[in-house]
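> Below are the sequence and a predicted model; questions follow.
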Amino acid sequence: MVKKTTQAAADSGEKQDGAPSREKKLYDVSFYLDWCKGCGICMAFCPQEIIGSDKNGKPIMEEPDRCIGCRFCEIHCPDFAITVSSRKPKRRKDDV
Ligand code: SF4
Ligand code: SF4
């Protein structure tokens, strides 16, 4: 039997012992608003429906913790105005 590496197990959401990890992966979605023309593609096609728009029609993240990191918004933005990256969960106070 081939054992998964630590990184492969982490990427697949498993712990090293093969049990599913409970730690949810989080993502940051950044908008470079100077390049955004407010076309609405990212808002219309986000599968989680978590990109809203401000009064100028520019995107805002409404529920960032629900982002699944699919990168649909980043790939389809015609103005290359979106960057999706992994985000580490905030450390708890008792973590040292
Ligand atoms: S897809 Fe790109 S250009 Fe269109 S609203 Fe979203 S960020 Fe702006
Ligand atoms: S990465 Fe996917 S889920 Fe996250 S905001 Fe973009 S389209 Fe929505």
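Thanks, I have it. Ligands and ions are numbered 1, 2, ... in the order given.
> Not including adjacent chain positions, what is the nearest residue to residue 36?
For residue 36, ignoring the flanking residues on the chain, the nearest one in space by CB to CB, 6 or more residues apart in numbering is residue 81 at 4.2 Å. C-beta: built from backbone N, CA, C; applies to glycine.
> Ramachandran coordinates for the one you found?
The main-chain torsion angles of residue 81 are listed as degrees, to the nearest 10 and equal phi -100, psi 10.
> contacting residues around it?
Listed by CB atoms under 8 Å, 6 or more residues apart in numbering, the contact partners of residue 81 are 31-33, 35-36.
> switch to 7 Å and redo it
Listed by CB atoms under 7 Å, 6 or more residues apart in numbering, the contact set of residue 81 reads 31-32, 35-36.
> Distance check, it against residue 24.
Using CB to CB, to the nearest Å, one obtains 26 Å as the distance from residue 81 to residue 24.
> What of residue 79?
Between residue 79 and residue 24 the distance is 30 Å, computed by CB to CB.
> out of those two, which sits in the busier spot?
The neighbour count for residue 79 versus residue 24, taken as other CB atoms under 10 Å, is higher for residue 79 (13 against 10).
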